[in-house]
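Visitor: structure, please.
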Amino acid sequence: RTNYCRNEKIMHQYDLAIYGHITVDRIINNFKEEVSLGAIANFWSALNKIRSSIKFKLVPCAIGEAVIVINEKTSQRFGRGNLNLETVEPSVVNAEWHHVMYLNQLKNKDFIRDLDGIISADLTAGKMDVLDDLAYIDYLFLSEEDLFMDLNELANIVKGCVILHYPSGSICADGKTQIECKTEVKKNINVLGAGDTFAACFISNMLKNNDIESSLKYAHDKTLKVLLDEN
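Guide: Now for the predicted structure:
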């Protein structure tokens, strides 16, 4: 199965377009509250922190809010929210790679069928009414806690492959083969936005190197540095 194939003859206005929610997050960490932007803002922040040279475009599809509790001792985060307080039909961007954030929470997903290029998406907590959309997805990102069916069965539904990430590593599966990347488990870390950051780092490296294994390693390394604010 062909996952990522760059056509150098096609000229694109952007390297990457990011579609999805932008949220106002009320974050409770050690009984203290702070307010920050989340969702595609996390993706944007990660690209800036790793000093990516790719040319990207943010395409908000919805505005929402969330309450998030951080447990740094166990490197966990828990949240609830209304991600679709206001929604809009997104404009399709001329880009080499399109990333759709929180696919299962988007109200309007019809635009995915109009995207031309590599299409990736990620999932978040909630109802997983996405099976009809996965035939368009080249790379599907999800965390271990959001895995809603057998990994290989899910990989056979998507167009390309599934990237499952968890504290000790990640697996890229296409239904026939798997590429596994192992990493050291780190504790006492604020993991807010870790999944968004992981996807941003992976995609950034794929656009430059077009290699899944090295992109998984790069994503783990850079995600940790972003979370620790070492960039």
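
Visitor: partner strands of the helix or strand of the chain with the lowest mean pLDDT and their direction?
Guide: Using mean pLDDT, DSSP states H and E, strand 76-87 stands out as the lowest-scoring helix or strand of the chain, at a mean of 85. Looking at strand 76-87 with DSSP bridges, its partner strands are strand 56-71 (antiparallel).

Visitor: pull out the buried positions in the partner strand.
Guide: Phe56, Lys57, Leu58, Val59, Pro60, Cys61, Ala62, Ile63, Gly64, Ala66, Ile68, Ile70 (16 or more other CB atoms under 10 Å). In short, each C-beta sits where N, CA and C put it, glycine included.

Visitor: ok, now which ones touch the nearest residue to the fourth one once chain neighbours are set aside?
Guide: Taking CB to CB, 6 or more residues apart in numbering as the measure, Val59 lies nearest to Tyr19, with 4.6 Å between them; neighbours along the chain are not counted. Applying CB atoms under 8 Å, 6 or more residues apart in numbering, we find Tyr19 in contact with Ile40, Val59, Cys61, Pro90, His98, His99, Val100, Met101, Phe111.

Visitor: could you find the lowest-pLDDT member of the buried residues of strand 56-71?
Guide: Among these, Ile70 carries the weakest pLDDT, at 76.

Visitor: and that one, bridged to which residues?
Guide: Asn29, Arg77.

Visitor: just give the closest residue to Ser45, not the sequence neighbours.
Guide: The nearest residue in space to Ser45 (CB to CB, 6+ apart) is Gly193, at 7.3 Å.

Visitor: how close does that neighbour get to Ile157?
Guide: As for Gly193, its distance to Ile157 is 27 Å (criterion: CB to CB, to the nearest Å).

Visitor: among the two, which residue is more densely surrounded?
Guide: Shown here are Gly193 and Ile157; by other CB atoms under 10 Å, Gly193 has more neighbours (23 against 17).

Visitor: tell me the bridge partners for the residue nearest to Val59.
Guide: According to DSSP bridges, beta-bridge pairing links Tyr19 with Val59, Val100.

Visitor: what of the one 4 residues further on?
Guide: Per DSSP bridges, the residues bridged to Thr23 are Gly38, Gly64.

Visitor: next, count neighbours for it.
Guide: 25.

Visitor: state the pLDDT value of it.
Guide: 92.

Visitor: could you measure from it over to Cys172?
Guide: 28 Å.

Visitor: how about residues contacting stretch 148-166?
Guide: Residues contacting stretch 148-166 (CB under 8 Å, 6+ apart): 1-4, 119, 128, 131, 134-144, 147, 170-175, 195, 198, 202, 212, 216, 219.

Visitor: for stretch 54-64, same thing?
Guide: With CB under 8 Å, 6+ apart, stretch 54-64 has contacts from 13-24, 39-40, 44, 47, 81-91, 93, 95, 105-108, 204, 207-208.

Visitor: out of the contacts of Tyr19, which comes closest to Ser52?
Guide: His99 (12.9 Å; CB to CB).
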